[in-house]
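>>> quick one, what's the 3D model for this:
(4 chains)
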There are 2 protein chains.
Amino acid sequence: MGERFLKSIRLLAECMQGYERLSGEYVRRCGLTHAQFDIIATLGNTPGMSYKELGDKTLITKGTLTGVIERLEQKGLVERQRSDCDKRSFFVRLTKAGEQTFCTAFPAVVAQSGKVFKDYSEDDFARLESALSALKQVIMAGQAASAPHRECD
Amino acid sequence: MGERFLKSIRLLAECMQGYERLSGEYVRRCGLTHAQFDIIATLGNTPGMSYKELGDKTLITKGTLTGVIERLEQKGLVERQRSDCDKRSFFVRLTKAGEQTFCTAFPAVVAQSGKVFKDYSEDDFARLESALSALKQVIMAGQAASAPHRECD
DNA sequence: TATTGTTATACTCTATAACTATA
DNA sequence: TATAGTTATAGAGTATAACAATA
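Predicted coordinates:
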């Protein structure tokens, strides 16, 4: 009976699915998959980062990341450069074209999907952010707690 | 500059990703994929429903749904039955084994992933649900509004 | 020895569209 | 004509594990 949280999770999932359905349409119009858009959005406004960092931020595992980056490289949207300090590591960054995609596709997706918030007040946003920040905190704490057990069981 | 909502969306995505990472581990331990678990969870505690309804609820398109249901059928977790009233339609429901999976896998996933909420108060839940309900409402309204335009552009 | 990224395998999901059978 | 579900195709993400090069 302690499943009080299920309603919240269901709502969370519905919101996320709903938003992804909304934005996904525009993402696809840019010729990107969700994962590719994720990478572009993560690399945008940064000097670039390693595969490792990119994988951590996007939840894409390294094996998959190779493929995703490969396809983005073929499209000319990202480029890789060996890291100076650690020669095992690659540094991934947006190309000019990638930055342009970021600067057009990202705002386009944002603008279209953001329409639904037109009647949101400052208070509405504050409440939502506050509730989600608290949620994020316990979830991240839970991940940190369970992660070390991965190999023990 | 009207991107006030981006922070909320980012938080939403982080929460969802975090929760999916948490629960995904347990889902996989039950031998189910995310989509399969989604179907099982949706069919649980219902007398069953049509493909159409199932697709609407899970956001899985009909073409994909055929495959997902097929694999669940092979595992003996769901069964299909032609609808009496509409012979085009199939009625999908959990088998005994499927119900058992629902009754064990679902609570297991729920129990494990629910651990992170152990310190959540009634008020915390109320705030979260309230904020998410409001969010869901505007997103769903946005979907309804944009859906008819799909073929116009 | 541990870590970064690659490669290979096998499976699953996705979008799309043409198709069948029923309404 | 429209709808429920199937089939086919092509592409993409996932888990897993063995592997090379570097630390």
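>>> from here on, contacts and neighbour counts on C-alpha atoms
Noted.
>>> how about chain A: which residue is closest to DNA strand C?
Proximity of chain A to DNA strand C (Cα to the nearest atom of the strand) peaks at A:S89, 3.2 Å away.
>>> isn't that residue right up against A:S83?
Yes. Using Cα atoms under 8 Å as the test, A:S89 is close enough to A:S83 to be in contact (5.5 Å).
>>> hey, where'd the strands end up in chain A?
All strands of chain A, identified by DSSP state E, fall at A:49-50, A:78-82, A:90-94.
>>> just name the most buried of these.
strand A:90-94 (a mean of 22; mean count of other Cα atoms under 10 Å in any protein chain shown).
>>> break chain A into its domains for me.
A:5-118, A:119-153 (automatic domain parsing).
>>> of those, flag the one that's most buried.
domain A:5-118 (a mean of 17).
>>> how long is it end to end?
29 Å (Cα to Cα, to the nearest Å).
>>> average model confidence for it?
For domain A:5-118, mean pLDDT is 91.
>>> so it, near DNA strand D or not?
Yes. Domain A:5-118 is in contact with DNA strand D by Cα under 7 Å from any atom of the strand, via A:33-36, A:60-64, A:67-68, A:71, A:85-88.
>>> ok, back up a step: closest to B:L77 out of the domains of chain A?
B:L77 lies closest to domain A:5-118 among the domains of chain A, at 22.6 Å (Cα to Cα).
>>> chain center to that closest one: distance?
6 Å (Cα atoms, centre = their mean, to the nearest Å).
>>> ok, the residue nearest to A:A97 when sequence neighbours are not counted - contacts?
Distances taken as Cα to Cα, 6 or more residues apart in numbering or on different chains place A:L77 nearest to A:A97, at 5.5 Å, with adjacent residues excluded. Residues counted as contacts of A:L77 (Cα atoms under 8 Å, 6 or more residues apart in numbering or on different chains) are A:L94, A:T95, A:K96, A:A97, A:G98, A:E99, A:T101.
>>> residues of chain A that sit close to chain B?
A:3-8, A:11-19, A:21-22, A:59, A:110, A:114-117, A:124-125, A:127-129, A:131-133, A:135-136, A:138-143 (Cα under 8 Å from any Cα of the partner chain).
>>> same thing but at 7 Å, please
Chain A comes close to chain B at residues A:5, A:8, A:11-16, A:18-19, A:22, A:114, A:116-117, A:127-129, A:131-133, A:135-136, A:138-140, A:142-143, as judged by Cα under 7 Å from any Cα of the partner chain.
>>> can you flag which of those residues belong to helices?
Judged by DSSP state H, the subset of those located in helices is A:5, A:8, A:11-16, A:18-19, A:22, A:114, A:127-129, A:131-133, A:135-136, A:138-140, A:142-143.
>>> quick revisit: redo the strands of chain A as CSV? Include distance to B:R28.
Converted to CSV, these look like this (distance: least, Cα to Cα, whole Å):
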stretch, distance to B:R28
strand A:49-50, 28
strand A:78-82, 33
strand A:90-94, 31
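>>> wait, which of those is closest to B:M49?
strand A:78-82 (45.0 Å).
>>> that older thread, out of the strands of chain A, nearest to B:E53?
Comparing the strands of chain A by Cα to Cα, strand A:78-82 comes nearest, at 40.6 Å.
>>> hmm, who's touching the closest one?
A:L72, A:E73, A:S89, A:F90, A:F91, A:V92, A:R93, A:L94, A:T95, A:G98 (Cα atoms under 7 Å, 6 or more residues apart in numbering or on different chains).
>>> right, is stretch A:36-51 up against DNA strand C?
Yes. Residues of stretch A:36-51 are located near DNA strand C by Cα under 7 Å from any atom of the strand, namely A:S50, A:Y51.
>>> which one, of the strands of chain A, ends up nearest to B:A105?
So among these, strand A:49-50 is nearest, using Cα to Cα, at 37.0 Å.
>>> picking that back up, what about the contacts of A:L77, which are in helices?
Applying DSSP H to the contacts of A:L77, the entries found in helices are A:K96, A:A97, A:G98, A:E99, A:T101.
>>> in JSON lines, list those along with distance to DNA strand C.
Shown next, in JSON lines, are the ones in helices among the contacts of A:L77 (distance: Cα to the nearest atom of the strand, whole Å):
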{"residue": "A:K96", "distance to DNA strand C": "20"}
{"residue": "A:A97", "distance to DNA strand C": "20"}
{"residue": "A:G98", "distance to DNA strand C": "18"}
{"residue": "A:E99", "distance to DNA strand C": "20"}
{"residue": "A:T101", "distance to DNA strand C": "19"}
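>>> just curious, which of the residues you listed is nearest to chain B?
Ranked by distance to chain B (Cα to the nearest Cα), the ones in helices among the contacts of A:L77 are led by A:T101 at 18.1 Å.
>>> thank you kindly, that will do.
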